[in-house]
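*Asks:* Got a predicted structure plus its sequence, pasted below:
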Amino acid sequence: MSQPDDLIYSEHAFEIIAKAAELAKANHPFALITSLAIEGGAAREVGSLAIVEHDGAMTGYLSNGCIDRDIQHHALDALVSQKKKLIRYGDGSRYVDLKLPCGGALTVLIDPDPDKAAILNAEAALRARRTSSLAFESPAGEAAAISKEFEYKPRQRLVLAGRGAIFRSMAQIGKATGYEVYGLSPELGDLDAVRPALDAEPVHLTSPNSEMPLDMLDAHSDFLTLFHDHDWEPALLKAALDTPARFIGSLGSRRTHDMRKETLQQMQVPESSISRLRGPIGLVPSLRDASSIAVSALAEIVAEFRS
């Protein structure tokens, strides 16, 4: 039987779908698990995913630990019987000894023979930075049949241009919170420092005035400039505002931000584009240390798109 350290708390759907695709390609058995319905409070959102392999190893979680071990055991049983399971936890569950501390109820589907072609297609779409979907149906014979389809988005990309302590802290915190992190800086030392946190080769900026297409920015991307010497910003911001990036923001004071917008106007950037620029970034004003500023900036992005 699997031990507690065989549970990997992978969070983003892409990580679970990629692992499922890897197992499917190798023809290794696994059960795909999802939360079909939530009533009241819950640690994860509806449609959250996990997989359990034949040896009990579990990737992903649905409850922040309070019932994941039980889900793991049910998944192993399903892999033996090759029958789907629909399990309700919390209010109205027959498992009265398993309580949900947050209250409410969670309905979980365990499928020991998921649609491998659908999983491979979903993985390919997510790798191509496209939204994908998976369909789920409750076992045949259930009194109340459940059929759901959930959409899954690519990992959010955080593209950072800057230098110094805030740039370094932002890269580390972005990585820790599950972002796909990219880094651009004129300082080779800063790029070396953040390299372990990056998901792509760092970009060395060599001139403040050089135009650089930011091709890595798509609709699932956020872009931040983190300079105290703002001469590096205009060309980068002009390029960023010409992309579908979800969030574009800059560090600095309100006065600096007004000057930044004036510079973009002089560069003939349309007002409709300039209006997309956020600044000064951060939910909490007037912070002085790099890590707090980084947390505050990321919190603003999360708050903006939490739904």
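*Replies:* Great, that's in hand.
*Asks:* buried stuff in stretch 70-87?
*Replies:* 70-72, 74-76, 78-79, 84-87 (16 or more other CB atoms under 10 Å). C-beta here means a position set from N, CA and C on the backbone, and glycine is covered the same way.
*Asks:* How many residues are close by residue 27?
*Replies:* Around residue 27 there are 7 other residues, counting by other CB atoms under 10 Å.
*Asks:* Distance check, it against residue 73.
*Replies:* Separation of residue 27 from residue 73 (CB to CB, to the nearest Å): 24 Å.
*Asks:* helix, strand or coil for residue 59?
*Replies:* strand (DSSP: H, G, I helix; E, B strand; the rest coil).
*Asks:* Specify the beta-bridge partners of it.
*Replies:* residue 8, residue 51 (DSSP bridges).
*Asks:* List the residues that contact it.
*Replies:* Going by CB atoms under 8 Å, 6 or more residues apart in numbering, residue 59 touches 8, 10, 15-16, 19, 50-51.
*Asks:* now those residues in TSV, with pLDDT and neighbour count?
*Replies:* Output for the contacts of residue 59, formatted as TSV (pLDDT from 0 to 100; neighbours: other CB atoms under 10 Å):
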residue	pLDDT	neighbour count
8	85	16
10	88	19
15	95	17
16	97	24
19	97	22
50	96	29
51	97	23
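*Asks:* just to revisit the earlier point, so which of the buried residues of stretch 70-87 would you say is closest to residue 260?
*Replies:* residue 71 (49.6 Å; CB to CB).
*Asks:* Quick check, the closest one in contact with residue 110.
*Replies:* Yes. Judged on CB atoms under 8 Å, residue 71 makes contact with residue 110 at a distance of 7.2 Å.
*Asks:* any common contacting residues for those two?
*Replies:* 33, 52, 87.
*Asks:* For the first one, give its distance to residue 231.
*Replies:* If I follow you right, that is residue 33. Residue 33 is 52 Å from residue 231, by CB to CB.
*Asks:* neighbour count winner among those two?
*Replies:* Each of residue 33 and residue 231 has its neighbours counted (other CB under 10 Å); residue 33 has more, 31 against 10.
*Asks:* got a list of what the closest residue to the more buried one other than its chain neighbours touches?
*Replies:* Once flanking residues are discounted, residue 33 sits nearest to residue 50: 4.4 Å by CB to CB, 6 or more residues apart in numbering. The contact partners of residue 50, taken as CB under 8 Å, 6+ apart, are 16, 32-34, 58-62, 68, 71.
*Asks:* What spatial separation is found between residue 50 and residue 253?
*Replies:* 45 Å.
*Asks:* which of the residues in stretch 245-259 are buried?
*Replies:* Buried residues in stretch 245-259 (16+ other CB under 10 Å): 245-252, 256-257.
*Asks:* Hmm, I typed the wrong one, I wanted stretch 283-293.
*Replies:* Neighbour-count burial for stretch 283-293 [16+ other CB under 10 Å]: 287, 290, 293.
*Asks:* Residues contacting stretch 241-251, please?
*Replies:* 156, 159, 162, 166, 214, 217-228, 233, 237, 240, 257, 260, 264, 269, 273-274, 276-281, 293, 297, 300-301, 304-305.
*Asks:* what about dumping the CA coordinates of it to PDB?
*Replies:* C-alpha atoms of stretch 241-251 as PDB (Å, rounded to 0.1, in the frame of the first residue of the first chain):
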ATOM      1  CA  LEU A 241       1.100  46.500 -25.100                       C
ATOM      2  CA  ASP A 242       1.100  45.200 -28.600                       C
ATOM      3  CA  THR A 243       0.400  41.700 -27.300                       C
ATOM      4  CA  PRO A 244      -2.700  40.000 -25.900                       C
ATOM      5  CA  ALA A 245      -1.100  39.700 -22.400                       C
ATOM      6  CA  ARG A 246      -3.700  39.500 -19.700                       C
ATOM      7  CA  PHE A 247      -1.900  41.900 -17.200                       C
ATOM      8  CA  ILE A 248       0.800  44.500 -17.900                       C
ATOM      9  CA  GLY A 249       2.100  46.500 -14.900                       C
ATOM     10  CA  SER A 250       5.100  48.500 -13.700                       C
ATOM     11  CA  LEU A 251       6.900  49.300 -10.500                       C
END
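*Asks:* buried stuff in the lengthiest strand in the chain?
*Replies:* Longest strand in the chain, counting residues (DSSP state E): strand 30-39. Judged by neighbour count using 16+ other CB under 10 Å, the buried positions of strand 30-39 are 30-36, 38.
*Asks:* May I ask which two of these are separated the most?
*Replies:* Farthest pair in the buried residues of strand 30-39, by CB to CB: 30 and 38, 23.6 Å.
*Asks:* before we move on, back to that, I'd like the buried residues of stretch 245-259 laid out as a markdown table, including secondary structure.
*Replies:* Putting the buried residues of stretch 245-259 into a markdown table (three-state DSSP) gives the following:
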| residue | secondary structure |
| --- | --- |
| 245 | coil |
| 246 | coil |
| 247 | strand |
| 248 | strand |
| 249 | strand |
| 250 | strand |
| 251 | coil |
| 252 | coil |
| 256 | helix |
| 257 | helix |
